[in-house]
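> requesting a structural model of the entry that follows:
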Amino acid sequence: MASYEPASQESAERDIKQVPADAKLREAVRHLAAESGKAMDRSRPFTRENIERRAQRILGQLSLSDSFLGFAMVAVSNVFWRHQFEAVPFDRRLLLMPNCLRDKSSCKGVFDHVGLHCAGCGACTIGGVKSKADELGYQVIVAEGTPAVIMKIMEGEADAIMGVACLDSLEKAFKHVVELGTPHVAVPLLNNGCADTTVEVDRIMRFLQARRSGATERTHTYVPLLRETVRIFDRPAILALMSSCMQADLDNENVDPMNATESIAFDWLLTGGKRLRPFVTIAAYAVGKHGTAPLAPDTEVSGLIPDSVKRIGLAIEALHKASLVHDDIEDDDAFRYGRQTLHRRHGIGPALNVGDLLVGLGYRLISGESAALGAQCVADILCHLSSAHLELCRGQGAELLWQKRHKKLRPIDALSIYALKTAPAFETALFAGLRAAGLEIENGALRRFSTCLGEGYQVLNDLADWREDDRNKVTLGQDVVARRPTILRAFAEEAGGEERLAELSRAHADDMTMAAAVKALYTELGVFAKAEKLLEKLTSRANDVAGEIEQPALSNLLKFLVKIVL
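Residues are numbered from 1 along each chain as shown. Sure, this is the predicted structure:
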């Protein structure tokens, strides 16, 4: 289940996602993939480039066209991961199937927010496969690519994934599974499209039932560290870590009004978020202190991360959550994480106070670790964190004041705001973990890396503001409705669209109508394409800086961050 989108732009422009109709030809591709697998280094996840190169060689040996490149890449990826997949117990595996295999005319299943609940009526392929998977102990999801897969991995409910889908859906659904280094195999549908689809059921059954006692080679993965970060925010764990800082009885559902601020802040810490920044701190400490040892799939990392470092990660998240509260107030956003923002629920004054409490909590959590980490270490982290705090406020202030002054926005202005708002947070999260581990890193390299990462992160957010499949979105184009200084607006104004943007703002009182008109203008001016190209450039620069780091474990961590952030 590799990322089957080819690495090169040239191959991306071709139709490379066809499956051979001849069963003998499919087996020939798989046989050559198996032969090529004898010389694979499985210590780290296979890159997309490596998979594509091997797949190209297989097609060359069989004189096949590039239209079968995606299928050959699946075959290569399956060879890489198969033994590790088979070593995972059945009850720790997840099967993902497409609902397009069902017989729509007779299907008795029902859908919910996750996918199709098969009724087991026997009218289609899904029922038989699911029945066998259930018997073996698999977890089964019938859906077209779902975030539930990643959640199962992150929450420790699944250690291996088997996917059945068309090549295009496999690429989209399992992009992050590949980056995480989770063992996985795939069986592609024999034809694309969502109608009259067929699949090699016998191959599904072979993968489904395959079992081995262990894998001789294990691929390094950051999943144990990601899971450890998520566990910090389990209610009992976070209560224990904050016990010296909070006065309210947060286990008591009937919170006294005198302690309501702490209760709201605690609930906000537990709500939503990717926990990306605390993960950066935890992972930086882990690889700085222990090298690649924490990356072994079966490592018990909880014993490698002391509570003092967990509190630093929690502090980083508390300060981030505080900035979100204040940001939502300044932008008067109505929703965050799919629910009403704090100021809409509790009022501006109480929400401001909750944000301020979280700032204080962040600094208190770190300052209390002098005994565990040493006074100088804590002072260095606090100095770095306070500088990042100042930069964030300068960046947010520049954004807010630009909105009021109606000044022409240049791309360099937008990137400067991004660099202030986001880059210091990533840099501080890295620095805190490394400093706690006692690892000295040249600050210039961390700054350059974090700047590329932070700017890229914001560009990606700008693009996501226009994506219709964003589940956490109420309407598209909220940034342009609020007239925020984004890189997209800067590119539009640079291309001569300043007056037209102003006209659209005056002409459309309805936000949705204006957003649709602006989207058409951005498309006409090539704004989205420019932003995508900029994102590629920032990604490349971040990888280049990561490659300059002399410590291999840290260098690989930075490259991993580029993958999951950008």
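
> pLDDT below threshold where in the protein?
Within the chain, the ranges that satisfy pLDDT under 70 run 1-14, 102-123, 144-146, 193-196, 248-256, 406, 468-475, 508-509.

> again, only using 50
1-13, 470-474 (pLDDT under 50).

> outline the domain layout of it.
9-209, 220-373, 374-566 (automatic domain parsing).

> so can I have a markdown table of these showing mean neighbour count?
From N, CA and C alone the C-beta is placed, and that goes for glycine too. Shown next, in a markdown table, are these (neighbours: other CB atoms under 10 Å):
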| stretch | mean neighbour count |
| --- | --- |
| domain 9-209 | 18 |
| domain 220-373 | 18 |
| domain 374-566 | 18 |
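
> the longest helix in this structure is where?
helix 375-405 (DSSP state H).

> what is the orientation angle of the helix or strand that that helix is followed by with helix 375-405?
Remark: after helix 375-405, the chain's next helix or strand is helix 411-421, criterion DSSP states H and E. Angle, helix 411-421 to helix 375-405, by axes from the mean of the first three to the mean of the last three CA atoms, to 10 degrees: 140 degrees.

> run through who's touching the helix or strand following helix 411-421.
Per DSSP H and E, helix 411-421 leads on to helix 423-436 as the next helix or strand towards the C-terminus. Residues outside helix 423-436 that contact it (CB atoms under 8 Å, 6 or more residues apart in numbering) are 277-278, 280-286, 288, 308-309, 312-313, 316, 320, 366, 373, 377, 380-381, 384-385, 387-388, 391-392, 441, 443, 446-447, 449-451, 453-455, 457, 554, 561.

> mind checking the backbone torsions on residue 495?
Dihedral pair for residue 495: phi -90, psi 10, per degrees, to the nearest 10.

> for residue 162, same thing?
When quoted as degrees, to the nearest 10, the phi and psi of residue 162 stand at phi -120, psi 130.

> returning to that earlier point: the longest helix of the chain - contacts with which helices or strands?
Counting contacts by 3 or more CB pairs under 8 Å, 6 or more residues apart in numbering; DSSP states H and E, helix 375-405 is packed against helix 307-331, helix 348-367, helix 411-421, helix 423-436.

> can you give me how far it is from the chain middle?
Distance of helix 375-405 from the chain centroid (CA atoms, centre = their mean, to the nearest Å) equals 25 Å.

> out of the helices and strands packed on helix 375-405, which comes closest to residue 125?
Across those, residue 125 has its closest neighbour in helix 307-331 (44.0 Å, CB to CB).

> after that closest one comes which helix or strand?
strand 335-336.

> the helix or strand that that next one is followed by: partners in the sheet, and parallel or antiparallel?
The helix or strand immediately downstream of strand 335-336 is strand 339-340, counting by DSSP H and E. Strand 339-340 has the following strand partners under DSSP bridges: strand 335-336 (antiparallel).

> CA atoms of the helix or strand containing residue 225 as CSV?
Element membership of residue 225, judged by DSSP H and E, is helix 223-232. Extracted in CSV, the C-alpha atoms of helix 223-232 (Å, rounded to 0.1, in the frame of the first residue of the first chain):
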residue,chain,number,x,y,z
VAL,A,223,4.5,5.1,15.7
PRO,A,224,5.7,4.1,19.3
LEU,A,225,6.7,7.7,19.9
LEU,A,226,3.5,9.1,18.3
ARG,A,227,1.4,6.8,20.5
GLU,A,228,3.3,7.8,23.6
THR,A,229,2.6,11.4,22.8
VAL,A,230,-1.1,10.7,22.4
ARG,A,231,-1.1,8.8,25.7
ILE,A,232,0.1,11.9,27.5
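
> that one - contacts with which helices or strands?
helix 147-154, helix 235-241, helix 276-290, helix 307-331.

> from the chain's centre, how far out does the longest one sit?
Chain-centre distance of helix 307-331: 19 Å, with CA atoms, centre = their mean.

> I'd like the helices and strands packed on helix 375-405 as CSV, with distance to residue 150 appended.
Output for the helices and strands packed on helix 375-405, formatted as CSV (distance: least, CB to CB, whole Å):
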stretch, distance to residue 150
helix 307-331, 19
helix 348-367, 27
helix 411-421, 26
helix 423-436, 21
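
> indicate which one of the ones you listed is closest to residue 179.
Counting by CB to CB, residue 179 lies closest to helix 423-436 out of those; the figure is 17.5 Å.

> list of residues touching the helix or strand following the closest one?
Sequence-wise, the next helix or strand downstream of helix 423-436 (DSSP H and E) is helix 443-464. Outside of helix 443-464, the residues within contact range by CB under 8 Å, 6+ apart are 415, 418-419, 421-427, 430-431, 470, 479, 486-488, 528, 531-532, 534-535, 538-539, 541-542, 545-546, 548-549, 558, 561-562, 565-566.

> helix or strand for residue 141, which one?
Using DSSP H and E, residue 141 sits within strand 139-142.

> and for residue 164?
Applying DSSP H and E, one finds residue 164 within strand 160-165.

> and that strand, which strands flank it?
Partners of strand 160-165 in the sheet, by DSSP bridges, are strand 93-97 (parallel), strand 184-188 (parallel).

> turn those strands into TSV, columns for distance to residue 29.
Shown next, in TSV, are those (distance: least, CB to CB, whole Å):
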stretch	distance to residue 29
strand 93-97	23
strand 184-188	11
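
> what residues are up against the spatially closest residue to residue 264 that is not a sequence neighbour?
Nearest in space to residue 264, with sequence neighbours left out and distances taken as CB to CB, 6 or more residues apart in numbering, is residue 354 at 5.1 Å. Counting by CB under 8 Å, 6+ apart, residue 354 makes contact with 261, 264, 265, 268, 325, 342, 346.

> among these, which are in helices?
With DSSP H as the criterion, helices contain 261, 264, 265, 268, 325, 342, 346 from among the contacts of residue 354.

> residues contacting the fifth one?
Residues counted as contacts of residue 325 (CB under 8 Å, 6+ apart) are 268, 341, 342, 343, 351, 352, 354, 355, 358.

> mind checking how far stretch 343-361 is from the chain centre?
28 Å.

> stretch 125-136 too?
Distance, centroid of stretch 125-136 to centroid of chain: 30 Å (CA atoms, centre = their mean).

> related to what we said a few turns ago, I'd like the ones in helices among the contacts of residue 354 as TSV, with distance to residue 68 appended.
Output for the ones in helices among the contacts of residue 354, formatted as TSV (distance: CB to CB, whole Å):
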residue	distance to residue 68
261	61
264	56
265	55
268	50
325	52
342	53
346	58
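
> between the residues you listed, which is closest to residue 60?
residue 268 (56.1 Å).

> residue 358 and residue 335, how far apart?
As defined by CB to CB, to the nearest Å, residue 358 lies at a distance of 19 Å from residue 335.

> returning to that earlier point: and of the helices and strands packed on helix 375-405, who's closest to residue 204?
Each of the helices and strands packed on helix 375-405 has some distance to residue 204 by CB to CB; the shortest is helix 307-331, at 40.6 Å.

> okay, the angle between the closest one and helix 411-421?
140 degrees.

> between helix 223-232 and helix 307-331, find me the angle.
Using the same axes, to 10 degrees: helix 307-331 against helix 223-232 is 70 degrees.

> residue 527 contacts residue 495, doesn't it?
Yes: if you go by CB atoms under 8 Å, residue 527 and residue 495 touch, sitting 7.1 Å apart.

> which neighbours do the two share?
Counting by CB under 8 Å, 6+ apart, no residue touches both residue 527 and residue 495.

> ok, back up a step: and the contacts of the strand holding residue 164?
1, 84-85, 88, 92-98, 101, 129, 138, 144-145, 149, 153, 170, 173-174, 177, 182-189, 199, 204, 207-208.

> next one: stretch 356-368
241-242, 244-246, 261-262, 265, 268-269, 311-312, 314-316, 318-319, 321-322, 325, 378, 381-382, 385-386, 389, 432.

> repeat for stretch 519-527
Applying CB under 8 Å, 6+ apart, the contact partners of stretch 519-527 are 466, 476-477, 488, 491-492, 495-497, 500-501, 504, 528.

> so residue 259 makes contact with residue 247?
Yes: counting by CB under 8 Å, residue 247 is a contact partner of residue 259 at 6.7 Å.
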